[in-house]
Structure formats: C-alpha cells, structure tokens
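A.B. asks: Quick check, what structure comes out for this input:
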Amino acid sequence: MRLIIRIFSYLILCLLISCRISLPPQSQTRYLKMIPSMQRAVKASLQQKDLFEQSDWPDKNWWEAYGSPELNALMREALCTNPSLQEVRSRIRVAKEKAIVVGSVLYPLIFFDARETRQYLSKNGLYRAFNQKLPLNANVIDLSLSFTYNFDFWGQNRNLLCAALGEEKAQEAEAADAALIVTTSLTQAYFAYKTNLVRKQLFEELIRVRKNIVELQKLLLRKGLASDLQVFLASENLLEAKNLNSNIDDELDSNRHLINILAGRGPDSPLPITPTLPTLPKKLQIPKTLSIDLIARRPDLMAQIWRAKALAYKTGAAMAEYYPDVNLIGFLGLESISWKKLFQIASGTAGLKPSIHLPIFTAGAIGANINATKAEFDAAIFAYNNLLLQSTQEILDVLSFAKDIYRQKQQQGQAVYYAEQRYSLTRLRQEKGLDSDFDIYYLQEDVIQKKLINTALLYNQYLASIKLTKALGGGYCQATVPLVKRV
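C.D. replies: Model prediction:
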C-alpha cells in the first residue's frame with residue numbers, strides 16, 4: 001500500500017511540473033517566406049479600367065457568373081459524381097477516423113475480458129501443492145474489467161492528436177484543390193467545345209464559299225477564260241478547308257470525351273450543347289486584399305501549410321521521447337474454478353500496475369528521430385515557399401495574358417467589322433455590275449478567316465477569366481492560417 005501511495009505521489013508531482021514539449025515558434029517560422037509583393041503589377045493592371053477592376057474574391061460558385069444553365073448543370077453533376085472528387089472525400093474520412101484513433105489514447109481505455117480455461121492440473125503442480133482437494137480436471141473462469149491510462153505529462157499524445165488533425169485539415173484543403181482543378185478544367189473544356197461548334201459553322205461556310213470559287217473557275221476554264229492553274233489552286237484551297245473542318249470534328253470529339261469524364265459519365269455519352277456562346281465577364285476582378293489573404297484563399301497553399309504544421313507537432317511528440325513515460329494499468333473482476341462460486345464475494349480479484357518507462361541509452365535513436373522529423377518539417381516549409389512563389393507567378397502571368405488577349409480581341413473585332421463593311425460595299429458594287437463574283441467570294445472568305453481568328457481569341461478570353469479564377473483559389477476560404485506571418 002505504501003508503494004502505491006508513493007507512486008501516486010510521484011505521479012501528482014509529475015503532473016504539477018508537466019509541460020507540453022513542442023517545436024519552438026521561432027524554429028517553425030525560420031525559413032518561412034512572406035507573400036511576395038504584387039503591388040506594382042496589380043497597380044499597372046488596374047490602370048486599364050476597361051479591363052480590370054478591384055472587387056471581392058471569387059464566389060464559391062464562380063461559374064454561375066457566365067449565365068449558362070448548361071454549364072451549371074454539368075458542374076452540379078461533376079461535383080457529385082466525379083471519381084477524383086469521390087476519392088479525395090474518402091481520404092478525408094480516413095484522416096478523420098485516424099484522428100479519432102490517435103486521440104483515443106488521451107482517455108482511460110476500459111476493456112471487458114471473459115475467459116474459461118479447461119485444463120488438467122498436475123498432481124505435483126503449484127495449485128494442488130497448496131490444495132490437495134482440487135480435482136485433477138478443472139475449469140478456470142475469469143471475468144474482469146481492465147483499464148489502462150497513459151499520463152500525457154509532456155504532451156506527446158496531444159501533439160500526435162494535433163498532427164492527425166493537421167493531416168485532416170490538409171486533406172480537406174487538398175479536396176478543395178481537387179474540386180478547383182475539376183471545375184476549372186470542366187469550364188475550360190466546355191468553352192472549348194462551344195467555340196469549336198462556332199468554328200465548325202464558320203468552316204462549313206468557308207467550304208461552301210470555296211466550292212463556289214472552284215465551280216466558277218471550272219466554268220471559266222470551259223469557256224477558255226482561265227487556265228488549269230487557277231482550278232488547281234481553288235481545289236487545293238477547298239481541300240484545305242475540308243481538312244480543317246475534319247480537325248474540328250476531332251477536337252469536338254476530344255472536348256466531348258473530356259467533358260463527360262470530368263462530369264463522371266462515360267466518354268461517349270451524348271452531349272446536347274448548343275453553339276450559343278455564354279456571357280463573357282466585361283471586366284476581370286482583382287481582389288482588394290490580394291497580398292494579404294492569398295494564402296487563405298489558395299487551397300494548395302493551405303494544404304501544404306497544414307501538412308507542415310502537422311510535422312511541427314510530430315517533432316514535438318518526438319522530443320517528448322526523452323522524458324519518462326508513465327502508465328497505469330488496473331483490473332477488477334471475478335475468478336473461480338467453478339461457475340457456482342464465481343459470483344461470490346470471495347471470488348473477487350483486483351490489481352493495479354503503475355509503470356514508468358525512462359530511456360537511459362538508445363544509441364542515438366531518439367535524437368535521430370527528432371532530427372528526421374525536423375528535416376521533414378523544413379522540407380515541407382521549403383515546398384510551401386516554392387508553391388507560394390509559383391502562385392504569385394501564376395497570378396501575374398494571368399494578368400499579363402489577359403491584358404494581351406483582351407487587347408488583341410478588341411483589335412480583331414475592329415478587323416472583322418472593317419472586313420464586313422468591305423464585303424457589304426463590294427456586294428453593292430457587284431449588284432451594279434462593277435465587281436465580279438470572284439470579288440464577293442474572296443471578300444467573304446476573308447471575313448470568315450477573320451471571324452475564325454476572332455473566335456479563337458474569344459476562347460482565350462474565356463480561358464483568361466478561368467485561369468484568373470483558379471489562380472485566386474476559386475472561392476476557397478480558410479479562416480485559420482497556422483505558421484504564417486501576415487504582411
């Protein structure tokens with residue numbers, strides 16, 4: 001009894017002086033980079049008031065801004081049935097359950113055991129040496145409640161729980177990043193499909209115009225007013241248009257397959273999408289707090305920073321290995337060699353087993369484990385720094401890309417307008433007999449070519465808005481940002 005009292009006194013003393021061992025904050029932020037400044041590039045972009053404006057961060061359902069019911073329906077289906085998203089959601093559940101398992105050791109664990117052992121007792125064995133009346137054949141019946149509890153004086157188990165919770169947070173951020181990749185890829189494929197439908201219509205119109213040119217050249221050849229050279233050239237141009245139209249069919253099939261896969265369907269499923277183009281945002285939105293809240297808005301950055309935080313907690317748990325590990329094991333139950341006497345008071349049994357485990361010599365294993373987890377933490381921080389630089393580069397590249405594309409699109413729109421005006425005037429002249437059918441066809445061909453370029457630039461405008469949304473995190477927001485110093 002005195003031994004037990006002494007042990008409990010020691011436990012209370014340890015509890016009073018206990019502290020949580022962890023990686024010091026200065027060590028956690030030693031290699032951490034701050035968000036690079038983007039002020040100069042953002043200021044230059046905002047000076048183009050016809051293209052950029054300061055506004056809030058993207059909405060969670062950012063794709064609804066395009067006003068396309070087709071895209072909204074595809075997005076709802078993709079978020080529910082895309083296999084990649086279903087996989088990452090399952091990984092979140094795995095991380096949550098693992099955190100519960102790790103956290104369970106913070107509580108006393110209680111177990112119930114029931115055993116019945118049929119055995120032949122040795123006549124010269126321990127049992128019959130003290131009690132010759134025991135039968136040779138006996139049942140040993142044992143019913144007991146046992147418990148075990150680890151006194152987490154140094155915070156090892158709490159650190160491991162926090163590490164598991166950090167992994168759970170990282171998985172949630174990775175799920176948001178996977179959703180962002182799927183939604184932006186689906187939107188990009190959708191707009192590629194839509195613009196290719198428009199391009200197909202233009203190529204079919206181009207084929208009709210070039211057929212008319214070939215027929216007219218053949219007519220002139222029969223009349224002796226042209227040579228075979230002009231017929232061959234016109235036929236070659238017609239064949240080129242047909243090949244371009246065939247390539248568009250291949251692109252449409254690829255777009256359709258990708259859209260169906262991203263939506264969680266079979267690749268050959270029908271895709272009833274009209275060639276009508278959705279609304280393009282008139283201005284691209286640059287958040288007012290871009291340099292302050294970028295980390296909290298990017299799921300890939302948050303996943304990496306949570307993973308680094310989990311490794312910081314693991315390092316704290318490894319450091320606690322130097323200190324005594326105190327455990328308490330006990331049991332309370334009934335034991336008898338017959339069922340008749342099992343529930344009598346005399347059959348009661350109980351035990352208490354305090355234990356202390358203190359490492360004396362481990363051949364450097366504990367120190368090596370601490371150094372390894374610290375190195376893993378530093379590697380995670382360096383990976384985060386690299387990702388942070390790539391994220392800011394991505395934003396600035398998108399801003400430059402958008403400025404260039406919108407400028408080209410504006411100029412190409414003017415070129416299409418002038419070509420259409422020339423075509424209209426030439427048609428009036430042709431009706432008065434001042435120009436030939438060749439002039440009409442060639443100008444019509446020129447209008448189609450300029451419209452094709454204009455459509456390709458329009459797709460790049462859609463692409464610029466999608467890329468900017470992705471670079472800004474697509475509506476993701478995390479309130480808690482561990483480790484990171486805000487600018």
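
A.B. asks: Convert stretch 301-318 to CSV, retaining C-alpha atoms only.
C.D. replies: C-alpha atoms of stretch 301-318 as CSV (Å, rounded to 0.1, in the frame of the first residue of the first chain):
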residue,chain,number,x,y,z
LEU,A,301,-1.1,26.6,-50.2
MET,A,302,-3.3,25.8,-47.2
ALA,A,303,-2.8,22.0,-47.8
GLN,A,304,1.0,22.5,-47.7
ILE,A,305,1.0,24.7,-44.6
TRP,A,306,-1.3,22.4,-42.7
ARG,A,307,1.0,19.5,-43.6
ALA,A,308,4.0,21.5,-42.3
LYS,A,309,2.1,22.3,-39.1
ALA,A,310,1.3,18.6,-38.6
LEU,A,311,5.1,17.8,-38.9
ALA,A,312,5.8,20.5,-36.3
TYR,A,313,3.5,18.7,-33.9
LYS,A,314,5.2,15.3,-34.8
THR,A,315,8.5,16.9,-34.0
GLY,A,316,7.2,17.9,-30.5
ALA,A,317,6.0,14.4,-30.0
ALA,A,318,9.4,13.0,-30.9
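
A.B. asks: That stretch: how far from the chain's middle?
C.D. replies: 18 Å (Cα atoms, centre = their mean, to the nearest Å).

A.B. asks: try stretch 194-213
C.D. replies: That offset, for stretch 194-213, works out to 40 Å (Cα atoms, centre = their mean).

A.B. asks: Using CSV, list the CA coordinates for that stretch.
C.D. replies: Extracted in CSV, the C-alpha atoms of stretch 194-213 (Å, rounded to 0.1, in the frame of the first residue of the first chain):
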residue,chain,number,x,y,z
LYS,A,194,-18.7,25.8,-77.5
THR,A,195,-16.2,27.8,-79.5
ASN,A,196,-15.3,24.8,-81.6
LEU,A,197,-19.0,24.5,-82.5
VAL,A,198,-18.9,28.1,-83.7
ARG,A,199,-15.7,27.4,-85.6
LYS,A,200,-17.2,24.4,-87.3
GLN,A,201,-20.1,26.5,-88.6
LEU,A,202,-17.5,29.0,-90.0
PHE,A,203,-15.5,26.2,-91.6
GLU,A,204,-18.7,24.8,-93.2
GLU,A,205,-19.4,28.3,-94.5
LEU,A,206,-15.9,28.5,-95.8
ILE,A,207,-16.2,25.2,-97.6
ARG,A,208,-19.4,26.4,-99.4
VAL,A,209,-17.6,29.6,-100.5
ARG,A,210,-14.6,27.8,-101.8
LYS,A,211,-16.9,25.3,-103.6
ASN,A,212,-18.4,28.2,-105.4
ILE,A,213,-15.0,29.5,-106.3
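
A.B. asks: Check what contacts the longest strand seen in the chain and list those residues.
C.D. replies: Longest among the strand segments of the chain by residue count, using DSSP state E, is strand 137-151. Identification of contacts with strand 137-151 by Cβ atoms under 8 Å, 6 or more residues apart in numbering yields 11, 14-15, 105, 107-121, 127, 157, 325-339, 342, 349. Bear in mind the C-beta positions are built from the backbone N, C-alpha and C, glycine included.

A.B. asks: so where do the helices sit in the protein?
C.D. replies: 2-17, 25-28, 39-46, 69-81, 83-103, 126-130, 156-222, 228-262, 290-297, 299-319, 339-342, 365-431, 437-471 (DSSP state H).

A.B. asks: buried set for the last one?
C.D. replies: Spelled out, it's helix 437-471. By 16 or more other Cβ atoms under 10 Å, the buried positions in helix 437-471 come out as 439-441, 443-448, 450-452, 454-455, 457-471.

A.B. asks: Could you do the second one as well?
C.D. replies: Burial within helix 25-28, assessed by neighbour count using 16+ other Cβ under 10 Å, is assigned to Gln28.

A.B. asks: Report the buried members of the contacts of strand 137-151.
C.D. replies: 11, 14, 105, 121, 157, 325-326, 328, 330-331, 333-334, 336-337, 342.

A.B. asks: List the neighbouring strands of the longest strand of the chain plus their orientation.
C.D. replies: Partners of strand 137-151 in the sheet, by DSSP bridges, are strand 109-120 (antiparallel), strand 325-336 (antiparallel).

A.B. asks: mind exporting the first one as CSV, just the C-alpha atoms?
C.D. replies: What follows is strand 109-120, C-alpha atoms only, in CSV (Å, rounded to 0.1, in the frame of the first residue of the first chain):
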residue,chain,number,x,y,z
LEU,A,109,-9.3,2.8,-22.0
ILE,A,110,-11.6,0.1,-20.5
PHE,A,111,-11.9,-3.5,-21.7
PHE,A,112,-14.0,-6.4,-20.6
ASP,A,113,-12.5,-9.9,-20.8
ALA,A,114,-14.2,-13.3,-20.2
ARG,A,115,-12.2,-16.5,-20.2
GLU,A,116,-12.9,-20.1,-19.4
THR,A,117,-9.9,-22.5,-19.4
ARG,A,118,-10.5,-26.2,-19.2
GLN,A,119,-7.3,-27.8,-18.0
TYR,A,120,-5.8,-30.9,-16.3
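
A.B. asks: for the record, mean pLDDT for that strand?
C.D. replies: If you average the pLDDT over strand 109-120, you get 85.
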